[in-house]
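[1] please work out how this folds:
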Amino acid sequence: MEKTGSIVHNLLNRAIGQETRAELKKFSLQILHRKIQFTANGYFTLDNTFLYSVRIFRM
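    Below is the predicted model:
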């Protein structure tokens with residue numbers, strides 16, 4: 001998420017239109033205050049730990 005936040009911040013500094021700026025600010029706040037997780041239909045979290053275990057399993 002840190003990388004996404006940096007990208008949004010850079011875009012925000014370059015945004016010309018007021019509407020675009022306002023949307024980027026809202027998105028930035030959402031990223032900051034929400035914990036985003038990707039899951040396999042709620043069964044397990046798809047994260048680096050999972051990806052590493054799949055890589056080991058395939059070897």
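[2] downstream of whatever helix or strand residue 9 lives in, the next helix or strand is which one?
    In the assignment (DSSP states H and E), residue 9 maps to helix 2-14. Using DSSP H and E, the next helix or strand after helix 2-14 towards the C-terminus is helix 18-33.
[3] so how far is that following helix off the chain centroid?
    Put simply, helix 18-33 sits 13 Å off its chain's centre (CA atoms, centre = their mean, to the nearest Å).
[4] for it, which positions count as buried?
    The neighbour-count check on helix 18-33 (16 or more other CB atoms under 10 Å) flags 24, 28 as buried. (Glycine included, C-beta is placed from N, CA and C.)
[5] please name the nearest non-neighbouring residue to residue 11.
    Using CB to CB, 6 or more residues apart in numbering and skipping residues adjacent in sequence, the residue nearest residue 11 is residue 24, 5.8 Å away.
[6] quick one: contacts for the one you found?
    The neighbours of residue 24, taking CB atoms under 8 Å, 6 or more residues apart in numbering as the test, are 8, 11-12, 15.
[7] go with 10 Å
    If you count contacts by CB atoms under 10 Å, 6 or more residues apart in numbering, residue 24 has them with 8-9, 11-15.
[8] in TSV, list these along with neighbour count.
    Below are the contacts of residue 24 laid out as TSV (neighbours: other CB atoms under 10 Å):
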residue	neighbour count
8	18
9	12
11	14
12	15
13	9
14	10
15	15
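[9] pick the one among those closest to residue 47.
    Distance to residue 47, by CB to CB, is smallest for residue 8 among the contacts of residue 24, at 21.4 Å.
[10] can you pull the pLDDT of the closest one?
    As predicted, residue 8 sits at a pLDDT of 80.
[11] then residue 56?
    pLDDT for residue 56: 67.
[12] by contact count, what packs against the helix holding residue 9?
    helix 18-33 (3 or more CB pairs under 10 Å, 6 or more residues apart in numbering; DSSP states H and E).
[13] which stretches of this structure have low pLDDT?
    Residue ranges of the chain with pLDDT under 70: 1-2, 56-59.
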